[in-house]
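Enquirer: With the input below, show me the fold.
(one chain, ligands or ions: 1)
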Amino acid sequence: MTDTQRPDTVSDTPIAATAAASAASTAFSLDAPAAQEVDALIIGAGPVGLFTAFQLGLQGVQAHICDTLPVMGGQCIELYADKPIYDIPGIPLCTGRELAAKLQQQIAPFAPIFHPRTQVAQVLAQGDGRWRVQLQGQEPGPDGGDGTTWLLARTIFVTAGVGAFVPKQLRLPGIEALVGRQVFYHPDPGDDWMAQQAAALAASRAPKIVVHGGDEAAVQAAVAAAQHPSLAKASVALLHRRDQFSAPQALLDALAALRASGRLEVVIGMPQSLEVAEDGAAARLQAMAYIDADGQDQRLPCDQLWVCQGISPKLGPLLEWGLAIEKKQLQVATDTFATSATGIYAAGDIVSYPGKRKLILSGFYEATMAAMAAIEYLRGEKLLLEYTTTSKRLHERLGVSHPD
Ligand SMILES: Cc1cc2nc3c(=O)[nH]c(=O)nc-3n(C[C@H](O)[C@H](O)[C@H](O)COP(=O)(O)OP(=O)(O)OC[C@H]3O[C@@H](n4cnc5c(N)ncnc54)[C@H](O)[C@@H]3O)c2cc1C
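Expert: The predicted model follows:
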């Protein structure tokens, strides 16, 4: 089910209202934007969200997965990518990064659709039992729109962990209007993104990129900008409050080499304000004012500002969707992992029930129970237990050979 349709004859109701909702009490939204129909949306691509996609895939359901992070893995990638995990059954030792990679390998046969750098902003009940979900991109979309996608989901799985990992904002007057055009939070310094920035800077004879931050992401972005061939004519400055950076030694060595060669300048200071010129209808960033280590006002010319001040989890809009919550945890039934709203399930660190343990192992169990309950809800019939060892149907879905 992947058709795009305009659900302009169905009603939008906040989740909280659905328990008591009658058709008459709902507000019709005649100008609702087009939405893509999906069977399952997973909110959060941490280990539990990924295993939910696996269990759904085994049952023939292709999931959509969204996350505010650019990559899958949740806490495993964001908080302890290179630290060891010893308590995943059957895997005596792996790092957070390796577990995330193995889970992605496991779900690959089911080709789930990943929406990176996307936060779920709204979940609205429809009169027909489905959920209309607003996915808000962090940057404008390629079509020049505001980066919003709408999905019409039959089931939703909230595997939001400790909250959406979102970049810490740089609080300077006027910065919001520049985000996605000249200001980027925690950019993904891959080839495609670099090429996009090179194209955006092509009109400038001597473009200037300023990276702000002192952690691994900041050093990585500055080194990548200085080394990338498509940005060869851009000057690169790394602005931080002190001349000390926290990153793996190989990255620090690369930074030192680029500084020594003059390709990259480290600027010590604290941002104060942005210098913006009117350029037709749009404001255009020209420079940043900062205070240097001696307390003096300084000016740093700047065509692009890449802000890497760290990432922190925020539960954000999730708390306002109207699902039953206690102490910022979703309440679930332990036989189905259904939430208080029909068709919405939850698993992993975001849920609470008597005896809950915040472990990946528990999350995998909860994800399995939730996916199976959702399949029964979608099909309206009991799900037969099949083993991946012996089931011909499961082998076909996994794309592996079945011994007849
Ligand atoms: C330092 C450390 C070490 C740990 N070591 C272990 C260990 O050894 N063994 C173990 O079992 N557990 C360990 N844990 C705990 C384990 O990491 C968590 O139990 C696990 O990550 C929970 O998985 P999850 O998928 O529920 O949530 P998360 O991993 O938190 O993933 C949730 C994802 O949802 C996204 N998200 C949230 N809200 C939204 C939204 N509205 N829109 C879009 N995306 C959203 C977030 O960005 C995030 O990527 C450790 C935790 C830490 C911090």
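
Enquirer: what number of residues lie near R132?
Expert: By other C-beta atoms under 10 Å, the residues close to R132 number 22. Quick note: C-beta positions are derived from backbone N, CA and C, even for glycine.

Enquirer: secondary structure class for F114?
Expert: Under the three-state scheme (DSSP: H, G, I helix; E, B strand; the rest coil), F114 adopts strand.

Enquirer: what do you get for L172?
Expert: coil.

Enquirer: tally of neighbours for it?
Expert: Per other C-beta under 10 Å, the neighbour tally for L172 reads 17.

Enquirer: Please tell me how far the helix or strand hosting L285 is from the chain's geometric centre.
Expert: Per DSSP states H and E, L285 falls inside strand 282-292. In terms of C-alpha atoms, centre = their mean, to the nearest Å, the centre of strand 282-292 is set 28 Å apart from its chain centre.

Enquirer: Relative to it, what are the paired strands and their orientations?
Expert: Strand 282-292 has the following strand partners under DSSP bridges: strand 264-279 (antiparallel), strand 297-301 (antiparallel).

Enquirer: For V210, what are phi and psi?
Expert: Dihedral pair for V210: phi -110, psi 130, per degrees, to the nearest 10.

Enquirer: Please identify which helix or strand holds G363.
Expert: Element membership of G363 [criterion: DSSP H and E] is helix 360-379.

Enquirer: packing partners for the helix or strand that that helix is followed by?
Expert: Moving toward the C-terminus from helix 360-379, the next helix or strand (DSSP H and E) is helix 392-398. With contacts defined as 3 or more C-beta pairs under 8 Å, 6 or more residues apart in numbering; DSSP states H and E, the packing partners of helix 392-398 are helix 47-58.

Enquirer: quick one: secondary structure of the closest residue to P116 other than its chain neighbours?
Expert: Using C-beta to C-beta, 6 or more residues apart in numbering and skipping residues adjacent in sequence, the residue nearest P116 is P70, 4.8 Å away. Recorded secondary structure, P70: coil (three-state DSSP).

Enquirer: Which helix or strand in the chain has the lowest average pLDDT?
Expert: Scoring the helices and strands of the chain by mean pLDDT, DSSP states H and E places strand 27-28 at the bottom, with a mean of 34.

Enquirer: so who does the residue nearest to K328 when sequence neighbours are not counted touch?
Expert: Ranked by C-beta to C-beta, 6+ apart and with sequence neighbours excluded, the top spatial neighbour of K328 is L315, at 5.9 Å. Residues in contact with L315 (C-beta atoms under 8 Å, 6 or more residues apart in numbering) are A160, V162, G163, A164, K328.

Enquirer: Quick check: the gap between the residue of the stretch 251-400 of the chain found nearest the ligand and T389.
Expert: Among all residues of the stretch 251-400 of the chain, G348 sits closest to the ligand, at 2.2 Å; criterion: C-beta to the nearest ligand atom. Distance of G348 to T389, computed by C-beta to C-beta, to the nearest Å: 26 Å.

Enquirer: Same question for P317.
Expert: For P317 relative to T389 (C-beta to C-beta), the value is 42 Å.

Enquirer: Just want to know which of those two has more residues nearby.
Expert: Set P317 next to T389 and count neighbours by other C-beta under 10 Å: P317 wins out with 15 against 7.

Enquirer: isn't there a helix covering that one?
Expert: Yes. Counting by three-state DSSP, P317 is part of a helix.

Enquirer: which one is the closest residue to the ligand within the stretch 51-200 of the chain nearest to, not counting chain neighbours?
Expert: Nearest residue of the stretch 51-200 of the chain to the ligand (C-beta to the nearest ligand atom) works out as G161 at 1.9 Å. Take G161 and drop its neighbours on the chain: the residue closest to it by C-beta to C-beta, 6+ apart is D349, 4.4 Å away.

Enquirer: Could you pull up the residues touching the one you found?
Expert: D349 neighbours (C-beta under 8 Å, 6+ apart): G46, V48, Q75, G161, V162, K358, G363.

Enquirer: 10 Å - rerun?
Expert: Applying C-beta atoms under 10 Å, 6 or more residues apart in numbering to D349 gives the contacts 44, 46-48, 74-75, 159-163, 313, 329, 356, 358-360, 362-363.

Enquirer: pretty sure D335 is touching E376, no?
Expert: No. D335 is beyond contact range of E376, at 11.2 Å (criterion: C-beta atoms under 10 Å).
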